[in-house]
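>>> Just a sequence and a predicted model for now, questions to come.
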Amino acid sequence: MKKQIQDFSYYQLKLKDHLESSFPEKAGDTNFIEQRSRWAANAYEGAFRAGNAIEKCDEIADYILYENLHFSKFNTLFEVLNYEFADIFDEVEYRDFAIKILPACEEIFNHYELTDDFAYTTDYDLLYTELTGLIALWIEEHGIR
């Protein structure tokens, strides 16, 4: 039982770290974190009991832990700000501004099917361009503070 609790808390910490850095809008969803972490720990244990190598067990658990958490709206906004608006932001302001403007960008994100591999599609360039325009207009109207 102690080993299962240890695995569960390991996956919780791992997922929380990922959410805080790439999905801050989900970082406070404790139910989501607990459920995913439990599933990952159970998947690891099941894979191990089935005789899989440790690397394969880790791969299976990570697949479950990070499912639909590879493409990040927040990271995309951060990238746009970093490359297109570097001249008006200090480096430390990117994160706060990306969190602040994320709700205003939802309508644009909703026009795309944001799968885990979306960043490798041609639609990503269109999304990037639309976000750049929206951010420029938003800054013009509201400023950066």
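Arrived safely.
>>> Can you give me the distance of N42 to G51?
17 Å (CB to CB, to the nearest Å). (Glycine included, C-beta is placed from N, CA and C.)
>>> who has more neighbours, the two?
Taking neighbours as other CB atoms under 10 Å, N42 and G51 compare with N42 leading, 16 against 8.
>>> Within the helices and strands, which one has the more buried one?
N42 is part of helix 30-49 when elements are defined by DSSP states H and E.
>>> Contacts for that helix, please.
With contact meaning CB atoms under 8 Å, 6 or more residues apart in numbering, helix 30-49 is reached by 4, 7-12, 14-16, 19, 26, 54, 56-58, 60-65.
>>> cool, and stretch 104-112?
Where contact means CB under 8 Å, 6+ apart, the residues beyond stretch 104-112 that reach it are 73, 77, 118, 123, 126-127, 130-131, 134-135, 138.
>>> Going by neighbour count, which of those comes out on top?
Going through the contacts of stretch 104-112 with other CB under 10 Å as the criterion, the one with the most neighbours is L77, at 24 neighbours.
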